[in-house]
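# Quick one, what's the 3D model for this:
(one chain, ligands or ions: 1)
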Amino acid sequence: MTKFTLDDLDAIVAARAKSGDETSYTRKLVSKGVAKCAQKLGEEAVEAAIAAVREDREELTGEAADVLYHLLVVLNVSNVPLGDVMKELGRRTGQTGLEEKASRPQE
Ligand SMILES: N=c1c2ncn([C@@H]3O[C@H](COP(=O)(O)OP(=O)(O)OP(=O)(O)O)[C@@H](O)[C@H]3O)c2ncn1[C@@H]1O[C@H](COP(=O)(O)O)[C@@H](O)[C@H]1O
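Okay, the predicted model is just below:
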C-alpha cells in the first residue's frame, strides 16, 4: 500500500470543499466561512497540546490528525496552497530555528 500523504488529504479537502455533497463535513464547515474554520483549527490545536501535556500518545495521534485536517481546511478557504507552505518550510531548512527567528522583521 502506498503511503498516505498530506498532499493526498489536501486534494480530498479541495474536492470536498467545492462539492455540493450534503454529507460532506468539509463542505459544511467551509460554507460557514473562514472564522468558523479557524475556530475549529484553534480548538483542535489546544486539544492536541493538552494530549501532549498529559503524555497520552494515542490521544495526541488522533488530535494531531484533527489539527492537520483542519489546517488544510483553513488553507483551502484562505486560498493559500499547501505547496506554498511546503516551499516556505523548505526555504527554512538552510538555517536553524533560532537563526530564522532572528531574521524576522522586528515589530
Ligand atoms: N480527516 C478528516 C477529519 N478529521 C476530523 N474531521 C471532522 O472534524 C470534526 C471535529 O469534531 P468536533 O466534534 O469538534 O466537530 P463537531 O461536533 O461537528 O463541531 P462543530 O463543527 O459543529 O463545531 C468531526 O466531525 C470530524 O469528523 C474530519 N473530517 C474529514 N476528514 C477527511 O476529509 C475527508 C472528506 O470528508 P467529508 O468532507 O466529510 O466527506 C474524509 O474522508 C477524511 O479523509
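
# Could you tell me the per-residue confidence at the residue lying closest to Glu100 once chain neighbours are set aside?
Leaving aside its chain neighbours, Glu100 sits nearest to Arg92 (5.4 Å; criterion: Cβ to Cβ, 6 or more residues apart in numbering). Bear in mind the C-beta positions are built from the backbone N, C-alpha and C, glycine included. On pLDDT, Arg92 comes in at 88.

# Report the separation between Arg92 and Ser103.
The spacing between Arg92 and Ser103, counted by Cβ to Cβ, to the nearest Å, is 10 Å.

# Which of those two has more residues huddled nearby?
Just comparing Arg92 and Ser103: by other Cβ atoms under 10 Å the higher neighbour count belongs to Arg92, 13 against 9.

# mind listing what the most centrally placed residue in the chain touches?
In the chain, the centroid-proximal residue (Cα atoms, centre = their mean) is Leu71; its distance is 2.1 Å. By Cβ atoms under 8 Å, 6 or more residues apart in numbering, the contact set of Leu71 is Leu41.
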